[in-house]
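Student: Everything below, folded, please.
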Amino acid sequence: MATPPQLPAKYQTNRFITLLRVLARSLNRLRLVIINAIFFGVLILLLTLMWRGESHPLQDQSVLVLAPHGQLVEQYSANPLQRSLAKLAGEPLKQVRLRDMLRAIGAAAKDPRITRIVLNTSQLHSAGFAALRELGAALDRFRAHGKPVTAWAPSLDQKQYYLAMHADRVLLDPQGALMISGLANYRLFYKKLLDRIGVKVHLFRVGQFKSAAEPYVLDHASAAAKKADRFWMNGLWDEYLDEVAKHRKIDPATLRADIDQLPAKIVHARGDLAHWALGVHLIDATATRAQLISMLRRQGVPPGRSGFGIRAVDLSAYLEALPHPTHHSAPGVTVVVAEGEINAGWREAGSIGGKSTAALIRAAREDRHTRAIVLRVNSPGGETWSSEQIRREVALTRAAGKPVVVSMGDVAASGGYWIAMNASRIFANPNTITGSIGIFGMYYSIPDTLAKLGVSSDGVATSPMAGAFDTRRPLAPNTRKLIQAIVDKGYRDFVGSVAKARGKSIGAINAIAQGRVWTGRQALKRGLVDQLGGLDEAIAKAASLARLGKHYPVRYKELPSSVFAQWLLSLSHSAMVATLQSYGLHLPQMFVPPSTLTTGLDLLLKAKPGKPNTYAYCFCTPN
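Tutor: The predicted model follows:
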């Protein structure tokens with residue numbers, strides 16, 4: 001038997017040296033990992049000690065300053081780790097949660113250390129009327145405790161003013177502006193663009209008012225869509241004018257006339273919008289920021305720690321100063337938030353996933369400490385199957401003997417109504433946007449696009465339907481009939497489910513469905529909701545249905561986050577970090593989550609190729 005050939009000695013030596021080098025590199029990497037672990041452990045310890053040492057207790061006679069920046073939301077659109085890293089990078093997420101503001105205002109009303117609120121809404125760039133109404137009601141309750149609210153801003157738009165008007169006094173900078181112009185809902189239409197590039201969009205819908213996908217098949221809004229939009233938008237605008245007139249003690253007809261004649265009125269005021277606002281009693285006075293501080297000081301507000309300004313605490317610092325709830329084991333009400341578009345699968349907070357939101361409801365139901373669930377809905381809808389997954393969990397929760405109360409936010413339309421319809425009780429604000437009971441299907445094909453590029457598709461199939469949903473081929477008439485039949489069945493299911501849930505006939509629901517949008521007040525008259533009210537009223541009703549008495553905890557069921565992420569988030573809001581950032585020390589911008597740009601083409605771009613996509617969706621947010 002032949003012996004295997006032996007490697008020369010120099011090659012054996014080289015292999016040994018290579019092995020030693022690999023071992024040395026591995027040991028060096030292990031050393032660096034250990035050193036870094038020790039370094040970051042010590043750093044975290046030092047930061048924690050510094051953070052605790054820098055915190056200041058809330059002083060007596062403090063002013064709670066509410067100056068929300070960015071978007072008013074039910075849930076953050078980024079997880080705690082992303083938010084903390086963005087904050088440490090000097091680019092905090094421009095979102096403020098409605099529940100945080102409601103909690104702060106409610107606590108401040110009973111907090112002897114807080115004497116008043118100063119409100120500046122000029123940086124609140126995105127908010128719905130329903131959420132603003134709930135915040136306004138919280139400010140009214142604060143004032144009912146004998147504590148004043150002063151609103152000041154360099155300028156205000158009509159939504160920012162809708163919250164500011166709840167103050168005892170509304171002040172505007174002398175060089176500022178208040179612009180109230182009414183509501184509009186204009187959309188872009190893409191048919192000519194799609195024709196130009198050869199994309200054929202096939203729309204299948206039920207209901208003459210279901211207009212969500214019209215921009216892909218028309219170059220203008222249909223007469224039916226304009227008629228329906230004008231009805232609910234006029235209802236929303238009437239609510240706005242009535243609320244402003246009531247709080248500012250102005251005749252509603254006079255206010256409407258002043259706004260309708262705005263161009264002439266502003267010309268008469270020589271272009272001075274602040275002067276016009278003062279003349280029509282929308283504000284109480286004009287004042288600079290320095291004049292505001294002097295006024296507050298004259299009214300007894302102490303100076304700040306440096307001897308200047310006023311003794312104030314902002315929203316985040318005040319929330320940190322509040323005691324954390326300790327009654328997690330007591331039976332109570334669990335709130336599940338469903339905000340954003342409804343999509344398939346698992347989604348992070350800030351959007352709704354058929355699986356993830358259904359799982360949250362299921363987890364709340366199976367929690368022995370949960371006696372009732374409040375489903376807070378702020379959604380224009382989305383995919384029909386995902387909506388149905390969530391609706392079934394609501395029905396299963398009621399079948400398990402636990403009441404489910406829906407609280408509608410700014411919008412709960414189409415799929416947003418689908419997930420709400422089986423609740424024990426449905427609450428909506430008067431200016432909630434809801435209804436839009438209807439579905440549509442959408443499919444696109446691109447043979448003309450390929451032809452423009454000199455490409456064609458050809459071949460054979462074993463049966464008529466084989467390859468019917470190939471986007472490279474024209475959509476056959478029989479396939480169109482098949483898709484329309486599926487959409488028709490989906491609409492019948494939607495209307496039938498609503499009729500069963502609301503205890504009405506299918507004919508009665510069909511008459512108010514057809515994709516038509518309603519305000520909360522209009523929906524109440526038509527039996528689509530049970531009661532007007534906000535989140536607090538919905539929670540109280542859920543507790544009543546569960547016989548919880550007057551004292552009960554309220555918990556939010558959300559996707560879990562790590563202990564490290566929560567710690568880093570708290571650190572990012574500390575006084576120590578604020579001091580470091582004042583000297584220009586930030587994390588690199590790479591840690592800031594990228595912003596997303598939404599367009600009217602999103603629905604088409606997200607459509608899955610090669611299959612009909614069915615939606616219960618509503619484009620019903622006015623500007």
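
Student: From now on I want contacts and neighbour counts done on CA atoms only, so please keep to that.
Tutor: Noted.

Student: just for the chain, where's the confidence low?
Tutor: 1-22, 24, 28, 31-56, 78-92, 325-328, 560-613 (pLDDT under 70).

Student: Which residue is the nearest non-sequential neighbour of the most centrally placed residue in the chain?
Tutor: Nearest residue to the geometric centre of the chain (C-alpha atoms, centre = their mean): V73, 4.0 Å. Of all residues not flanking V73 in the chain, R97 sits nearest, at 4.9 Å (C-alpha to C-alpha, 6 or more residues apart in numbering).

Student: For the one you found, grab phi and psi.
Tutor: phi -80, psi 140 (degrees, to the nearest 10).

Student: For it, give me its contacts.
Tutor: Going by C-alpha atoms under 8 Å, 6 or more residues apart in numbering, R97 touches L72, V73, E74, Q75, Y76.

Student: helices and strands around the particular helix or strand that has L255 in it, which ones?
Tutor: Using DSSP states H and E, L255 falls within helix 252-260. With contacts defined as 3 or more C-alpha pairs under 8 Å, 6 or more residues apart in numbering; DSSP states H and E, helix 252-260 has these neighbours: helix 223-248.

Student: So which bits of the helix it packs on are buried?
Tutor: Within helix 223-248, the residues scored as buried using 16 or more other C-alpha atoms under 10 Å are 225, 228-229, 232-233, 235-236, 238-245, 248.

Student: go on, stretch 536-548?
Tutor: Under the neighbour-count criterion of 16+ other C-alpha under 10 Å, stretch 536-548 has A538, I539, A540, K541, A542, A543, L545, A546, L548 buried.

Student: Run through who's touching that stretch.
Tutor: Under C-alpha under 8 Å, 6+ apart, the answer for stretch 536-548 is 331-333, 371-374, 402-407, 427, 549, 552.

Student: same deal with stretch 514-528?
Tutor: Residues outside stretch 514-528 that contact it (C-alpha under 8 Å, 6+ apart) are 206-211, 228-229, 232, 235-236, 413-414, 428-439, 502, 512, 529-532, 620.

Student: burial measure for A428, as a count.
Tutor: 32 (other C-alpha atoms under 10 Å).

Student: which residues sit in contact with it?
Tutor: Each residue near A428 by C-alpha under 8 Å, 6+ apart is listed here: S407, M408, G409, G520, R521, V529, Q531, L532, G533, G534.

Student: just the residues you listed now: which is nearest G496?
Tutor: Proximity of the contacts of A428 to G496 (C-alpha to C-alpha) peaks at V529, which lies at 16.4 Å.

Student: A strand includes that closest one, no?
Tutor: No - counting by DSSP: H, G, I helix; E, B strand; the rest coil, V529 falls outside a strand, being coil.

Student: nearest residue to it other than its sequence neighbours?
Tutor: V529's closest residue in space is I426 (C-alpha to C-alpha, 6+ apart), at 5.1 Å.

Student: and if you look at G415?
Tutor: G381 (3.6 Å).

Student: partners of that neighbour in the sheet?
Tutor: Per DSSP bridges, the residues bridged to G381 are Y617.

Student: In this structure it contacts S414, no?
Tutor: Yes - contact criterion C-alpha atoms under 8 Å: G381 and S414 qualify, at 5.3 Å.

Student: okay, these two: which has more neighbours?
Tutor: Counted by other C-alpha under 10 Å, G381 and S414 do not tie: S414 has more neighbours, with 33 against 30.

Student: hang on, isn't F189 packed against A213?
Tutor: No - using C-alpha under 8 Å, F189 is not in contact with A213, being 9.6 Å away.

Student: what about these two, which has more around it?
Tutor: A213 (25 against 19).

Student: what's the spacing between R97 and A130?
Tutor: Between R97 and A130 the distance is 14 Å, computed by C-alpha to C-alpha, to the nearest Å.

Student: Which single one of the buried residues of helix 223-248 is nearest to G106?
Tutor: E243 (21.6 Å).

Student: hmm, back to that, got a list of what the residue nearest to V529 touches?
Tutor: V405, V406, S407, M408, A420, V529, D530, Q531.

Student: Next: T370.
Tutor: T370 neighbours (C-alpha under 8 Å, 6+ apart): P331, G332, V333, T334, A364.

Student: how about it, phi and psi?
Tutor: phi -90, psi 120.

Student: For it, which residues count as its bridge partners?
Tutor: G332.

Student: Does Y491 touch K210 like I think?
Tutor: No - using C-alpha under 8 Å as the test, Y491 is too far from K210 to be in contact (11.2 Å).

Student: picking up where we left off before, next structured bit after the helix holding L255?
Tutor: helix 262-268.

Student: how many neighbours does A184 have?
Tutor: 12.

Student: Kindly report the same for the one 10 residues further on.
Tutor: L194 has 16 neighbouring residues, counting by other C-alpha under 10 Å.

Student: Relative to G382, how far out is the closest residue in space to it that isn't next to it in sequence?
Tutor: In space, and not counting its chain neighbours, L194 is closest to K200: 6.9 Å by C-alpha to C-alpha, 6+ apart. Look at K200 and G382: by C-alpha to C-alpha, they are 22 Å apart.

Student: Settle it for me: which of these two has more neighbours?
Tutor: Neighbours were counted for K200 and for G382 using other C-alpha under 10 Å; G382 has more, 27 against 21.

Student: what residues are up against that one?
Tutor: By C-alpha under 8 Å, 6+ apart, the contact list for G382 reads E341, I342, N343, S414, G415, G416, Y615, A616, Y617.

Student: circling back: next, format the contacts of R97 as JSON lines and append distance to A312 and secondary structure.
Tutor: Output for the contacts of R97, formatted as JSON lines (distance: C-alpha to C-alpha, whole Å; DSSP: H, G, I helix; E, B strand; the rest coil):
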{"residue": "L72", "distance to A312": "22", "secondary structure": "strand"}
{"residue": "V73", "distance to A312": "25", "secondary structure": "strand"}
{"residue": "E74", "distance to A312": "26", "secondary structure": "coil"}
{"residue": "Q75", "distance to A312": "26", "secondary structure": "coil"}
{"residue": "Y76", "distance to A312": "26", "secondary structure": "coil"}
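
Student: if we can go back for a sec, output the contacts of T370 in CSV; the columns should cover distance to S306 and neighbour count.
Tutor: Output for the contacts of T370, formatted as CSV (distance: C-alpha to C-alpha, whole Å; neighbours: other C-alpha atoms under 10 Å):
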residue, distance to S306, neighbour count
P331, 46, 19
G332, 44, 26
V333, 44, 26
T334, 43, 26
A364, 48, 24
